[in-house]
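In: let's see this in three dimensions:
(chains A and B)
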Number of protein chains: 2
Amino acid sequence: MKLLERLSLNQITTNPWSMEQAVAACEHNGIGYIGVWRHKLEEDPVKAACLIRSAGLRVSSLCRGGWFSAPSDSERRERIADNLRAIEEAATLGAPMLVLVAGPADGQTLDDARKTFMDGVAEMLPVAESAGVALGIEPLHPMYAAERSVVVTLKQANDLAERLSHKSVGVVIDAFHVWWDPEVWREIERARGRILGFHVSDWPVPLPGILMARAMMGTGVIELRRLREAVDAAGYTGPIEVEIFNDEIWKNVGDETIERIKRNFLEFV
Amino acid sequence: MKLLERLSLNQITTNPWSMEQAVAACEHNGIGYIGVWRHKLEEDPVKAACLIRSAGLRVSSLCRGGWFSAPSDSERRERIADNLRAIEEAATLGAPMLVLVAGPADGQTLDDARKTFMDGVAEMLPVAESAGVALGIEPLHPMYAAERSVVVTLKQANDLAERLSHKSVGVVIDAFHVWWDPEVWREIERARGRILGFHVSDWPVPLPGILMARAMMGTGVIELRRLREAVDAAGYTGPIEVEIFNDEIWKNVGDETIERIKRNFLEFV
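Out: Sure thing, here's the model as predicted:
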């Protein structure tokens, strides 16, 4: 498959757009995949599935499940229930994978929250398997450890996947989250056979904030091509999602956004 | 040694104060150690040394050396020269250790910058040894990987120290920089015999920014006591620096700041 054919537009990159607008932009610009976010489904995954299918698009992943840790048992049960709904939605969309973000400790210790996350994934695995949806553990950058994810390195995600040892669980590698890690090359190779997704964006200098921190590929310091080639060399041949949280892109989203994504994807990824 | 006797005021915590004011505050409040920053020396380390000595204070460390990577060879030579001056200043102050921050890649690739850092430390070691000043490699949080430090985990600092294998090199453990790391407990134990310093502050939620992000001990999510006990258990019995970059503390710095530091240090560290 040619590189450009692997490009997937993660919906958060063009967040101001509705599902209809994002799908139309992909169709119009020859992008074959879309990475879907749950809030864009507007509680009607079948409608979204029809729209995506009739545009000839494929779904690379559904974002996101996980977030199992909570202060009380009853809240933790609700999180599990919500994740089971997410698996169903992914199956409806034909998404081969649900991205899991661990979530913060949220009232637990870090160790306990990490255990809660593993237990949550383990509990979902039989359902995921019968739905034909893989669960992709995505480590986030350690600057999100307190607020968004207690899973913060690819080594940790690999350790978890290894311990769960199930064909329906794997890892998602996002360049923005892992580029700084001295262990990343070793861990990408170690992830062979369980890489379920690869995300790209860039790390600008200076970093403008914590959440809205990402930049267009080629405008930051991440060695994107080296990472992509390492992920390829570890046997991953699937879609590559462009996932950028960026206020400026959101403010000016339009056809030029997609053109720039394609251009920079080819030049830098 | 009682816990409170290990408390060291890192000058950046009370940054609006001059050297005179910081030393007076330590003397007045029965704090035995001060962590000195180079910009507070105002190019007269002997004056600072006299002031500190006559107040009966000891210097826990001098901040900071390192920052070896630069776009050109001549700039890299200047960085080395500046680091040699820092070693001299540390010796004049009676500081047992110079804290090394790796610095950003600054025109090099991440791999090359990491090598440049190791080579820089190696080059300084004979001078440091003869000056009686140890070099403490401090890994910074990965959110500083692009702008402040290509050394981002305690494992990486331990690997470096192990490879350099010299009695004048060790590691500095700062709770803010390492708390998120699933490997931190193993790496603290592995650092046994080469822990040269321990720094505390806290990680607030939400994080207010990148650089001015730290909070007073006890007001964030870091398991400070657990970390301190782990560092103790790994054989470190030296001073513990309170190092907080915080705008609010800087705006309101006064005697109450020191009282609060002592109180929260005893309660949470």
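In: use CA for all of it now, contacts and neighbours both
Out: OK.
In: just the pLDDT for residue A:161.
Out: Listed pLDDT for residue A:161 reads 98.
In: residues contacting it?
Out: A:137, A:169-171 (Cα atoms under 8 Å, 6 or more residues apart in numbering or on different chains).
In: swap in residue A:20?
Out: Contacts of residue A:20 by Cα under 8 Å, 6+ apart are residue A:51.
In: how about it, secondary structure?
Out: helix (DSSP: H, G, I helix; E, B strand; the rest coil).
In: residue A:43 too?
Out: Under three-state DSSP, residue A:43 falls in the coil class.
In: burial count for it?
Out: Residues lying near residue A:43 (other Cα atoms under 10 Å in any protein chain shown) number 11.
In: next: residue A:220.
Out: The tally of other residues near residue A:220 (other Cα under 10 Å) stands at 18.
In: helix or strand: which one has the spatially most central residue of chain A?
Out: Centroid-nearest residue in chain A, with Cα atoms, centre = their mean: residue A:99, separated by 5.1 Å. In the assignment (DSSP states H and E), residue A:99 maps to strand A:97-101.
In: circling back to that earlier point, contact partners for the residue nearest to the centre of chain A?
Out: A:61-66, A:135-138, A:172.
In: biggest separation within the residues you listed, which pair?
Out: The distance between the two most remote of these (Cα to Cα) is 14.0 Å, for A:61 and A:66.
In: how long is stretch A:136-154 from one end to the other?
Out: 12 Å (Cα to Cα, to the nearest Å).
In: so who does residue A:173 touch?
Out: So residue A:173 contacts A:138-139, A:154, A:195, A:197-199 (Cα under 8 Å, 6+ apart).
In: bridging residues for it?
Out: For residue A:173, the beta-bridge partners are residue A:198 (DSSP bridges).
In: so what's it scoring on pLDDT?
Out: For residue A:173, the model assigns a pLDDT of 98.
In: if we can go back for a sec, show the average pLDDT along the helix or strand just after the strand holding residue A:99.
Out: Per DSSP H and E, strand A:97-101 leads on to helix A:110-131 as the next helix or strand towards the C-terminus. Average pLDDT, helix A:110-131: 97.
In: please apply the same query to stretch A:259-269.
Out: On average, stretch A:259-269 scores 98.
In: which SS class is the closest residue to residue A:33 other than its chain neighbours?
Out: Nearest non-adjacent residue to residue A:33, counting by Cα to Cα, 6 or more residues apart in numbering or on different chains: residue A:8, 4.3 Å away. Three-state call for residue A:8 (three-state DSSP): strand.
In: tell me what residue A:8 is bridged to.
Out: Here residue A:8, judged by DSSP bridges, has bridge partners residue A:33, residue A:241.
In: and whatever helix or strand residue A:231 lives in, what's its mean pLDDT?
Out: Residue A:231 is located in helix A:224-233, with elements delineated by DSSP H and E. The average pLDDT within helix A:224-233 is 98.
In: what sits against residue A:181?
Out: A:153, B:142, B:152.
In: need the residues of chain A near chain B, please.
Out: Taking Cα under 8 Å from any Cα of the partner chain as the measure of proximity, chain A contacts chain B at A:141-143, A:145-147, A:150, A:152, A:156, A:180-182, A:205-207, A:209-210, A:221.
In: okay, how far is it across stretch A:231-240, tip to tip?
Out: 10 Å.
In: quick one, helices of chain A?
Out: Using DSSP state H, the helices of chain A run over residues A:19-28, A:45-54, A:73-93, A:110-131, A:154-164, A:175-178, A:184-190, A:224-233, A:247-251, A:255-268.
In: which of those sits most buried?
Out: helix A:175-178 (a mean of 23; mean count of other Cα atoms under 10 Å in any protein chain shown).
In: what is it packed up against?
Out: Here helix A:175-178 touches strand A:195-200, going by 3 or more Cα pairs under 8 Å, 6 or more residues apart in numbering or on different chains; DSSP states H and E.
In: quick check: angle from the strand it packs on to helix A:224-233?
Out: 170 degrees (axes from the mean of the first three to the mean of the last three Cα atoms, to 10 degrees).
In: same question for strand A:195-200, mean pLDDT?
Out: On average, the pLDDT along strand A:195-200 is 98.
In: with only the CA atoms kept, save it in PDB.
Out: The C-alpha trace of strand A:195-200 is given here as PDB (Å, rounded to 0.1, in the frame of the first residue of the first chain):
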ATOM      1  CA  ILE A 195       0.600  -2.700  17.000                       C
ATOM      2  CA  LEU A 196      -3.000  -1.800  16.300                       C
ATOM      3  CA  GLY A 197      -2.600   1.800  15.300                       C
ATOM      4  CA  PHE A 198      -0.100   4.600  14.700                       C
ATOM      5  CA  HIS A 199      -0.900   8.300  15.200                       C
ATOM      6  CA  VAL A 200       1.100  11.400  14.000                       C
END
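In: other SSEs contacting it?
Out: strand A:134-137, strand A:169-174, helix A:175-178, strand A:240-242.
In: of all the ones you listed, which lies closest to residue B:230?
Out: Here helix A:175-178 is closest among the helices and strands packed on strand A:195-200 (Cα to Cα), at 27.0 Å.
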